[in-house]
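Asker: starting from these lines, generate the structure:
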Amino acid sequence: MNPLTILGARAAVPLADAAPIKPAVELGTPLLLTIAALGVAVLLVMIIRFKIQAFVALLTVSIAVAVAAQIPLTDIFTVVSNGVGSTMGKVALLIALGAILGRMIEVSGGVQSLADHFVERFGPTRVAVSLTLVGFLVAIPVFFEVGVIVLVPIVYAFAKLLNVHPIKFGLPMAGIMLSIHVAVPPHPGIVAGAGVLGADIGLITMISLAICVPLGFLSYWVARIMNRRPMELLPTVKAQLDEYGSPETVHAGHEHPHGHGGAGNSGSGHGGVATALRTPGAVMAPPKAGLIVALIAAPIVQIMLGTVGTLTLPKSNPLYGVASFIGNPFLALLVAVGISFFTLAVRRGWSLKETGEIFEQSLPPIASILMIVAAGGVFGEVLRVSGIGAALSTTLDGIGLPIILLGFVISLALRAAQGSATVAIVTTTGLLTAAIQNGGYTPAQIAVIVIAIGFGSLGLSHVTDAGFWVVVRYYGLTVADGLKTWTVLTTVLGVAGFLLTSVAWLLVGGLGH
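Answerer: This next block holds a predicted model:
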């Protein structure tokens, strides 16, 4: 027979008919837990000590754990492929579409438009309140680091206008932005956690957004207390503030600090972290703030409507399928991207080539994130197939701690150790997959567990976290002041987020577990 025919016939066999992969030798629970602990320890050493990229480290550790757990060598890379496919199939399109929507808003100048609108509405005496609200809205579609960098010129402008340290405006804004980044879809960490555990994205969005509203007030209040004491302004940032034009030229966005109209041009004047871009958004006034709010709200509302429909309608009702289709996050974000194409590109006269370039620019930055998510899926699949997940589940049941507390603590510890919120979330969900899947939890409870893990990855942002250095560098803080302000604020918000998540846990019936 032709070898290609053999391969084709083999590939055509449904996965359900294939024999399940099992370890060649059944290992005891103590040994399996030891292998898991050593695997996590090696992962942290590779990332922290040897600075190995998280994707490579996760994939390497996953293979090593598979070998140590006696998974047959001929099956290991089948496990790897299954882990990648089961995770990426649920999250890749969601993350990519979210990145495109965020990039369209960023490049068009929509972020600056929001800032101008709310500052004008609240007045110059409430700039911190205005920018905290702007940060809340911007953080939903825009990645944390990008949002901070894009808003830096506006923070600098008002810092110079009112002769205050940039951290006065930047700290509360950045705090709520990071809170949303770790807990609200379509951001990669929370989406990856949902993918690993099969959680409902719509439920996560509804619950996490509701929790983040009081966190916005808390971020403003805690930051206000911290900002009462004087802090040193680094000479490099002081020089950048001194280079700005008169307050009248930068106030309320009349002129972008770098001479461009688009908020996406945040680069060369800020130490070269972001490259200055000449985009279609740089030749027109920014879009109206109402349009940007509508673009951000559209996919959220669509997802929520679909989720409410599937929760209230019986599955036999013909409208159940309609609600499920409409509320699918993939469709919701695709619709939002389509709306942004017509409202931000076509109506503003961007050519198809220019719009295509903007779409393409949004994808390279998320490549490494997608790889981390994929490797996290591999790690979770290895833990499942090897029996480590089941052993860990049994052990955790014996301890008697609530599953959401375990998820929060493990995620917080991993975040503090290696810095990446995404790595912390995907590793924690991988470790707890068996315990959650075998625990008889409802979809709402699983959604709450994922959110708790997300808030665990919010706290203890310090020198191991790239986001810490973005905040410290752009707002002109010393490392010591960064630890006293940013690290403390993120930890307060993380703990508060978990406490509010615990309330949601009780409300969805988690008291019985």
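Asker: can you check which helix is longest in this structure?
Answerer: The helix that spans the most residues within the chain, counting by DSSP state H, is helix 73-108.
Asker: for that helix, what does the pLDDT average out to?
Answerer: The pLDDT scores in helix 73-108 average 85.
Asker: show me what counts as buried in that helix.
Answerer: 75-76, 79-80, 82-84, 86-88, 90-92, 94-108 (16 or more other CB atoms under 10 Å). For glycine as for every other residue, the C-beta is placed from the backbone atoms N, C-alpha and C.
Asker: what of stretch 44-53?
Answerer: Buried positions in stretch 44-53, judged by neighbour count with 16+ other CB under 10 Å: Leu44, Met46, Ile47.
Asker: now do the SS call for the closest residue to the first one other than its chain neighbours.
Answerer: In this structure, Leu44 finds its nearest non-sequential neighbour in Ala417, 5.1 Å apart by CB to CB, 6 or more residues apart in numbering. Secondary structure assignment for Ala417 (DSSP: H, G, I helix; E, B strand; the rest coil): helix.
Asker: give me the number of residues near Ala417?
Answerer: Ala417 has 19 neighbouring residues, counting by other CB atoms under 10 Å.
Asker: residue contacts, it?
Answerer: Leu44, Ile48, Thr464 (CB atoms under 8 Å, 6 or more residues apart in numbering).
Asker: show me what contacts the closest residue to Met104 other than its chain neighbours?
Answerer: Among residues not flanking Met104 along the chain, Ser340 sits closest, at 4.5 Å (CB to CB, 6+ apart). Contacts for Ser340 (CB under 8 Å, 6+ apart) come out as Leu101, Met104, Ile105, Leu295.
Asker: looking at those residues, which is nearest Leu161?
Answerer: Ile105 (25.1 Å; CB to CB).
Asker: ok so, going back, can I get the contacts of Ala417 in CSV with distance to Ser179 and pLDDT?
Answerer: Below are the contacts of Ala417 laid out as CSV (distance: CB to CB, whole Å; pLDDT from 0 to 100):
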residue, distance to Ser179, pLDDT
Leu44, 25, 84
Ile48, 25, 78
Thr464, 19, 79
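Asker: closest one of these to Val382?
Answerer: Among those, and counting by CB to CB, the member closest to Val382 is Leu44, at 17.1 Å.
Asker: shouldn't the closest one be in contact with Ser420?
Answerer: No - counting by CB atoms under 8 Å, Leu44 sits too far from Ser420 to count as a contact (11.1 Å).
Asker: how far away is Val182 from Val322?
Answerer: 32 Å (CB to CB, to the nearest Å).
Asker: center of this protein - which residue?
Answerer: What sits nearest the mean C-alpha location of the chain, by CA atoms, centre = their mean, is His187, with 3.3 Å.
Asker: so which helix or strand takes in the nearest residue to that residue once chain neighbours are set aside?
Answerer: Spatial nearest neighbour of His187, chain neighbours left out: His181 (5.1 Å); criterion: CB to CB, 6+ apart. Taking DSSP states H and E as the criterion, His181 maps to helix 167-183.
Asker: so how many other residues sit close to Cys212?
Answerer: 24.
Asker: Pro375 contacts Ile63, doesn't it?
Answerer: Slight slip there: residue 375 is Ala, not Pro. No - contact criterion CB under 8 Å: Ala375 and Ile63 do not qualify, at 10.3 Å.
Asker: ok so, going back, against Val423, how distant is the residue nearest to the centre of the chain?
Answerer: Distance of His187 to Val423, given as CB to CB: 14 Å.
Asker: repeat that for Gly440.
Answerer: 29 Å.
Asker: so between the two, which is more surrounded?
Answerer: The neighbour comparison of Gly440 against Val423 (other CB under 10 Å) goes to Val423, with 29 against 9.
Asker: quick check on that one: phi, psi?
Answerer: phi -60, psi -40 (degrees, to the nearest 10).
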